[in-house]
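This is a predicted model, with the sequence first.
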Amino acid sequence: MKKSTTKVTIIIICLVAAMVGYYAYLSNRSYTQRSDSSMTFVQSTLARDLENDYPATVKEVMKYYNDVMRCFYGETCTDEELEELGYKVRALYDDELLEANEPEAYMERLKSDISAFKEAKRSITSYSVAASTSVDYYTADDFYFARILCGYNMVEGGVSTQINTIYLLRRDENRRWRIYGWESADAYEAAQESQESRN
């Protein structure tokens, strides 16, 4: 009789321990999910580790870049977040573009641009990145380049405007795509037409 009572007691203790362990697991998972969902868009954009999780494709680079642009021009950031985001953008830049944009001068210009943007009551409400199949790849001077179109929906004084920009990216020695430069889609098309008329 004592042996069966001991067995039953041990089984009950094991079941209680399993239930407590499972409850703790679910509570922790629920807390983690709540923490993730309570992060602001700015915080989730800053959370990406570009050293170990660099965007793999041209489109992914531009999606992340435009997430940062949305933080700059469509979200509210602290000064510290603004600086961190600025360094995130610089991590996407090609070496030549970095050389043309010294960190301190870049940060000053960035803060001034954002301030002017907000004083004019402008905001970027959404963006779109062309499909991966629309990326224009080519080689020049032994480098791999890619062109991609991004569209921005900007609101100013209650009026919505679509702005299109062509970005040029160059692949580095680690096969990572870096932003090399950009220009408005209208200027790019005008330059293309001018070149075709000369040929």
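It's in. Residues are numbered from 1 along each chain as shown.

Which of the helices or strands spans the closest residue to residue 183 other than its chain neighbours?
Excluding the flanking residues, the one nearest residue 183 by CB to CB, 6 or more residues apart in numbering is residue 166, at 5.9 Å. Just so you know, the C-beta spots here come from the backbone N, C-alpha and C atoms, and that holds for glycine as well. Following DSSP states H and E, one finds residue 166 within strand 159-171.

Relative to that strand, what are the paired strands and their orientations?
strand 143-156 (antiparallel), strand 177-184 (antiparallel) (DSSP bridges).

And the pLDDT at residue 9?
The score at residue 9 is 66. That number is its pLDDT.

what do you get for the one 4 residues further on?
In the prediction, the pLDDT value recorded for residue 13 is 71.

Equivalent analysis for residue 76, please.
87.

send the alpha carbons of the strand holding residue 166 over as PDB?
Taking Å, rounded to 0.1, in the frame of the first residue of the first chain, the C-alpha atoms of strand 159-171 are listed here in PDB:
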ATOM      1  CA  VAL A 159      -1.600  67.700 -50.100                       C
ATOM      2  CA  SER A 160      -0.100  64.300 -51.100                       C
ATOM      3  CA  THR A 161       2.600  64.100 -53.700                       C
ATOM      4  CA  GLN A 162       4.500  61.100 -55.200                       C
ATOM      5  CA  ILE A 163       8.200  61.500 -55.500                       C
ATOM      6  CA  ASN A 164      10.300  59.000 -57.400                       C
ATOM      7  CA  THR A 165      14.100  58.500 -56.900                       C
ATOM      8  CA  ILE A 166      16.600  56.200 -58.700                       C
ATOM      9  CA  TYR A 167      19.200  54.800 -56.400                       C
ATOM     10  CA  LEU A 168      22.600  53.400 -57.600                       C
ATOM     11  CA  LEU A 169      24.200  50.700 -55.600                       C
ATOM     12  CA  ARG A 170      27.700  49.100 -55.900                       C
ATOM     13  CA  ARG A 171      28.700  45.700 -54.600                       C
END
